[in-house]
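Participant: Okay, predicted coordinates and the sequence, questions at the end:
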Amino acid sequence: MQIPRFAGIRTFMRAPHTTDLAGVDAAVYGIPFDTATSYRTGARFGPEAIRSASALLRPYNPALDIDVVETLSIVDYGDVPVSPGDTERTYGQVEEALAPLVEAGVFPLALGGDHSVTLAELRVLAGRQGPLGLRQGPLALIQFDAHGDTWDEYFGQRFFHGTTVKRAVEEGLIDPAVSVQAGLRGSLYGAEDLESARAAGFAVLSGEQLRTLGPGGCASLIAARVGRRPVFLSFDIDVLDPAFAPGTGTPEVGGLSTAEALAFLRALRGIDLAGADVVEVSPSYDGPGQQTALAAANVAYELLSLRALAQR
Ligand code: MN
Ligand code: MN
């Protein structure tokens, strides 16, 4: 309350920008990479736009009855280094930057960037050494997305925003048997686009099924499936309808409203979040009120709130 929320240099939720991890519970960081996209680029500017839109987020979340800032010591870790046009080199850079966070037990929340970046995050989190020196192993993935991202390749590229989940399964980073993909919709190249994810073992909920289940039903299904496994929650902003989130790379009509998305996230209270990201915000396609970036900032806030609830 020293200066109004709109003043000052923008960090996420006006958290201090530091890479000093002493006493830190959660770090928000940007991955400004967008050259693994299939349609519109521009998500390299996502972290900047989400930070800007986050300025109005206040500490207390009444929907979950939690003071996020009082419960979690949150920092903005800044953006990690990337190499435009080189996905695999970028993965190495993200992994190197993220490792100290994960080793310090800090909850990492990434702002994308296109959805290719999630693979690097999962590599670090699944490879984390636990208290007995054992690798944490495959995580449960909860993915809100219009797309499954389970293609094998795209124009010969194996590391790409539409292949992330398939690579993560192949590398043993996530266990499909305890994972859920939710919100899938839109035209496909063929029925096999959906069948391959189900054949791999994922619970796949279409956008229509998600809406029919509702937040409570979806949360029960996820809880039953995930069990006690640590969860990585990946939120692709295109799970929202383009009316609510036009600023994204691969828009599909018929998606969730912003209010629905918040309700689905809030219903997940009680899950053990090991890490999370919000990806595919492409500000140059956003509306004049920056509603996509604002929705993404609020999604990130709900994810921090879920982590804060678990920590409390
Ligand atoms: Mn995606
Ligand atoms: Mn998507």
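Facilitator: Right, received. Where do you want to start? Ligands and ions are numbered 1, 2, ... in the order given.
Participant: Near the closest residue in space to residue 304 that isn't next to it in sequence, how many other residues are there?
Facilitator: Among residues not flanking residue 304 along the chain, residue 68 sits closest, at 5.3 Å (Cβ to Cβ, 6 or more residues apart in numbering). In this view, the C-beta of every residue, glycine as well, is placed from N, C-alpha and C. By other Cβ atoms under 10 Å, 23 other residues sit near residue 68.
Participant: Which pLDDT value does the model give residue 68?
Facilitator: Looking at residue 68, its pLDDT reads 98.
Participant: Enumerate every residue touching it.
Facilitator: Contact analysis of residue 68 by Cβ atoms under 8 Å, 6 or more residues apart in numbering lists 59, 60, 61, 74, 301, 304, 305, 308.
Participant: If we use 6 Å, what do you get?
Facilitator: 59, 61, 304, 305, 308 (Cβ atoms under 6 Å, 6 or more residues apart in numbering).
Participant: Around ligand 2, pick out the residues from the stretch 51-200 of the chain.
Facilitator: Neighbours of ligand 2 within the stretch 51-200 of the chain, by Cβ under 5 Å from the ion: 145, 146, 147.
Participant: Provide a ChimeraX selection command restricted to the buried entries of those residues.
Facilitator: Those of these that count as buried under 16 or more other Cβ atoms under 10 Å are selected in ChimeraX with:
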select :145,146,147
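Participant: Also near ligand 1: which of the residues of the stretch 51-200 of the chain next to ligand 2, exactly?
Facilitator: Of the residues in those, proximity to ligand 1 by Cβ under 5 Å from the ion holds for 145, 147.
Participant: In a markdown table: the residues of the stretch 51-200 of the chain next to ligand 2, plus pLDDT and secondary structure.
Facilitator: Converted to a markdown table, these look like this (pLDDT from 0 to 100; DSSP: H, G, I helix; E, B strand; the rest coil):
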| residue | pLDDT | secondary structure |
| --- | --- | --- |
| 145 | 98 | coil |
| 146 | 98 | coil |
| 147 | 97 | coil |
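Participant: State the distance from the spatially most central residue of the chain to ligand 1.
Facilitator: Nearest residue to the geometric centre of the chain (Cα atoms, centre = their mean): residue 277, 2.3 Å. With distances taken as Cβ to the ion, to the nearest Å, residue 277 is found 10 Å from ligand 1.
Participant: nearest residue to residue 55 other than its sequence neighbours?
Facilitator: That would be residue 5: by Cβ to Cβ, 6+ apart, it lies 5.1 Å from residue 55.
Participant: is it fair to say that neighbour lies in a helix?
Facilitator: No. Using DSSP: H, G, I helix; E, B strand; the rest coil, the secondary structure at residue 5 is coil, not a helix.
Participant: For it, give its distance to residue 48.
Facilitator: Going from residue 5 to residue 48 by Cβ to Cβ, to the nearest Å gives 17 Å.
Participant: can you count the residues close to residue 228?
Facilitator: Neighbours of residue 228 under the rule other Cβ under 10 Å: 7.
Participant: Residue 294: what's it in contact with?
Facilitator: For residue 294, the contacting residues are residue 53, by Cβ under 6 Å, 6+ apart.
Participant: So which bits of the host helix or strand of it are buried?
Facilitator: When elements are assigned from DSSP states H and E, residue 294 belongs to helix 291-311. Using 16+ other Cβ under 10 Å as the test for burial, helix 291-311 gives 291-309.
Participant: Nearest to ligand 2: which residue in the stretch 51-200 of the chain?
Facilitator: residue 147 (3.8 Å; Cβ to the ion).
Participant: separation between that residue and residue 104?
Facilitator: According to Cβ to Cβ, residue 147 stands 33 Å off from residue 104.
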